[in-house]
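Asker: Here is my input, please return the structure:
(one chain, ligands or ions: 2)
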Amino acid sequence: DRVLLEVRNLTVDYVGDTSIARAVNGIDFDIREGEAFGLAGESGCGKSTVAFALARLTRLPGLVSGGSVRFQGEEVLSFEKARLKAYRWREVSFVFQSAMNALNPVIPVSEQIMDVIETHNPELGEKGARARAVEMFELVGIPPQRLDDFPHQFSGGMRQRICIAIALALNPRLIIMDEPTTALDVVVQRDIIEQIVELKSRLGFSVLFITHDLGLMIEFCDRIGVMYSGELVEVAPASSILTNPQHPYTRALGSSFPPLSGPRQRLEGIAGSPPDLRALPQGCRFSPRCPHAMALCSQTAPELRFYPEHESEAACHLLN
Ligand code: SF4
Ligand code: MG
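Answerer: Ligands and ions are numbered 1, 2, ... in the order given. This is a model prediction of the structure:
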């Protein structure tokens, strides 16, 4: 499968007055054409920071301080203004948890969709933009007769669908979704995710999917990267990440995950919490919590390595 987005040694810092916290510490991964790639991990592990960096949306005190992000071979981190504008909408677009609240309440949604379409495709004109808006409404399952309604006339689920319609309007190659359905009730969530899966297979775009809902992620994604304390500790096929986890942290995530239903549990057998980014442990960042930690673990940080027998990459001394 061809690589769409290639992330190498991506490093993001949060710069304070007196200290620097390295929120993302030199991570590597690829997103392939047509693939849904998930980023999992506890809150604060750097997932959203990665998403923002890929979109060149990092703002101070955040700072992309190193690495490379190549989109179809082009270096995104060195795009200048005009190229960046095209990249952000035509090639990559976003749906955030709060996206539905970003719709302007006093402007009909038709104008808000058409605005995006016309800005990037002035040749379409108003008529063409409206036709495209109608098409997008149909695509996400909202009756086009409602195009001129105001945001408050729609339910939360419908507003989020409208945001997905806007995100898809320019036919991007990659859609970054950070907790896209978290604010919605479970049935609506599943509905929307199923619809995105269907659209993905029809239109062929790739997805970077971030959610705290591991079940939803496994169902929806082809591969999953597990982050811990700003680093990728495992990247594996979604189908085997819980049944054949390689990294002790992935195993802990999996054991805290109820396979069918029931309440979320704390990480089983793993005491403590992720380290303070300004006072990191030596060696493996997971070592203070890891039930398998050895002397080596608190001396040397393990590197992410590919293990062909598992089709997965993992960073753990146990595996060597
Ligand atoms: Fe545990 Fe050591 Fe592996 Fe880190 S490197 S996860 S401390 S066994
Ligand atoms: Mg987040």
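
Asker: Phi first, then psi, for Ile175.
Answerer: phi -120, psi 120 (degrees, to the nearest 10).

Asker: That one bridge partners, please.
Answerer: On the basis of DSSP bridges, Ile175 is bridged to Ser93, Val207.

Asker: what's the spacing between it and ligand 1?
Answerer: Using Cβ to the nearest ligand atom, to the nearest Å, Ile175 is found at 32 Å from ligand 1. (Each C-beta comes from the backbone N, C-alpha and C, glycine too.)

Asker: got a list of what that residue touches?
Answerer: Counting by Cβ atoms under 8 Å, 6 or more residues apart in numbering, Ile175 makes contact with 92-95, 167-168, 196, 205-208.

Asker: low pLDDT regions in the stretch 201-320 of the chain?
Answerer: Within the stretch 201-320 of the chain, the stretches with pLDDT under 70 are 257-269.

Asker: again, 80 this time
Answerer: Where the stretch 201-320 of the chain drops to pLDDT under 80, the residues are 256-272.

Asker: of all the residues in it, which ones are close to ligand 1?
Answerer: Within the stretch 201-320 of the chain, the residues that sit near ligand 1 (Cβ under 6 Å from any ligand atom) are 248, 284, 286-287, 290, 292-294, 297, 302, 316-318.

Asker: Can you flag the buried ones in those residues?
Answerer: 248, 284, 286-287, 290, 293, 297, 302, 316-317 (16 or more other Cβ atoms under 10 Å).

Asker: If we only consider these, which is nearest to Ile176?
Answerer: Set against Ile176, the nearest of these by Cβ to Cβ is Phe286 (26.3 Å).

Asker: give the contact list for the nearest residue to that closest one once chain neighbours are set aside.
Answerer: Residue nearest to Phe286 in three dimensions, not counting chain neighbours: Tyr249, with 5.2 Å by Cβ to Cβ, 6 or more residues apart in numbering. Listed by Cβ under 8 Å, 6+ apart, the contact set of Tyr249 reads 226, 228, 233-234, 270, 286, 290.

Asker: Count the neighbours of the nearest residue to Ile107 once chain neighbours are set aside for me.
Answerer: Nearest residue to Ile107 in three dimensions, chain neighbours excluded: Phe150, at 7.5 Å (Cβ to Cβ, 6+ apart). Residues lying near Phe150 (other Cβ atoms under 10 Å) number 14.

Asker: my read: Phe150 touches Glu111, true?
Answerer: No: counting by Cβ atoms under 8 Å, Phe150 does not reach Glu111; the two are 10.1 Å apart.

Asker: what sits against Ala236?
Answerer: By Cβ under 8 Å, 6+ apart, Ala236 lies in contact with 223-224, 226, 244-246, 250, 310-314.
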